[in-house]
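J.: my questions concern the predicted model and sequence given below.
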Amino acid sequence: DRCTCKVDFRLTPQVNEQSARKWCESIIKKIDFYYPGPASTQINWLETWPAYRLRPESSLVREFLGSAEEVFGRKIPVGISGPSNIGNYLASRGIPAISGFGVAYANIHATDESVELASVMGVYETYRRAIPRLLKTLHKKP
């Protein structure tokens, strides 16, 4: 007669903590209304990491994106990565970081999780090209 549920809600520049909480609370209120129990649902909010976004003109974005587009021979989309990576923590310390650029995969964090082996060398080559370019940009700064 009791259920515990944990929800990992990924914040983005467009969906902040306040709007995420409001959305979750509205769903819980509907559930409590349609399926009343002896007590209302309790929500215990845990740690949250704010969304962050690197400027598209930052050297980190520019060099990785340029290297990836050279290697893969196509436009690479820039997207959002959730707080399950170290980037959110580093951003909170003023250290720019990118995440989410890696091998092609299927069934992430699920049964039969796998990577596409053919994508490994392209990702490796992207990093191999981007890192020396980033180091050069660091040396140019006063």
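T.: Right, received. Where do you want to start? What you see is a predicted model; the values in this text were computed from it and never measured.
J.: flag every buried residue along the biggest helix by length in the chain.
T.: Ranked by number of residues, the top helix in the chain under DSSP state H is helix 120-140. Within helix 120-140, the residues that qualify as buried are 123, 126, 129-130, 134, counting by 16 or more other Cβ atoms under 10 Å. Quick note: C-beta positions are derived from backbone N, CA and C, even for glycine.
J.: list of residues touching it?
T.: Helix 120-140 is contacted from outside by 59-60, 63-64, 66-68, 70-72, 101-103, using Cβ atoms under 8 Å, 6 or more residues apart in numbering.
J.: gap between that helix and the chain center?
T.: Its chain's C-alpha centre and that of helix 120-140 lie 21 Å apart, by Cα atoms, centre = their mean, to the nearest Å.
J.: still on that earlier bit, in helices, which of the contacts of helix 120-140 fall?
T.: Short answer: the contacts of helix 120-140 in helices (DSSP H) are 59-60, 63-64, 66-68, 70-72.
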